[in-house]
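Enquirer: Any chance you could fold what I've pasted below:
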Amino acid sequence: MQLRPRLGYSYETYDLATAELYNPTTRTWSPTGSLKNARFSHTATLLLDGRVLLAGGYNGLESMTSVEIYDPRRDRWTTTGSLHVGREEHMATLLQDGKVLVTGGYGDLVGEITALIEKHLRSQSRAL
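Expert: The predicted model follows:
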């Protein structure tokens, strides 16, 4: 029997931490372990070993860098390494060697813009 995770969000509450499993034999959904971080607009990638990698997304406040892995054998979510840049509505592709390539999407630029402004101001003060 193959169970497939269903992840998503509700327009009323935006981001959810819940997950459900679909059983194609019985055509039913059942709740499963909750995510560590509620999110939407993320990616879910089936890994070669049957686990699911959940990357990025949006939590209602910011683009997320957090990444979680769902292990269907243990029915448990665990956190793993973070993305370097918070992303939402991005793409994730499983490569032949088992790595996952994450590209594009939207991200929060506030931190990056602040760093650029600070760098510019420092260079201006040195020039005076």
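Enquirer: can you pull out the strands in the chain?
Expert: Assigned strands in the chain, in chain order: 4-6, 9-10, 14-15, 19-23, 28-32, 43-46, 52-55, 67-71, 76-80, 91-94, 100-103 (criterion: DSSP state E).
Enquirer: Does anything pack onto the fourth one? Which helices or strands?
Expert: Just to be clear, that refers to strand 19-23. If you count contacts as 3 or more CB pairs under 8 Å, 6 or more residues apart in numbering; DSSP states H and E, strand 19-23 packs onto strand 4-6, strand 28-32. In short, each C-beta sits where N, CA and C put it, glycine included.
Enquirer: What is the neighbour count of residue 49?
Expert: Under the neighbour criterion other CB atoms under 10 Å, residue 49 is assigned a count of 9.
Enquirer: any idea how far it is from residue 63?
Expert: 28 Å (CB to CB, to the nearest Å).
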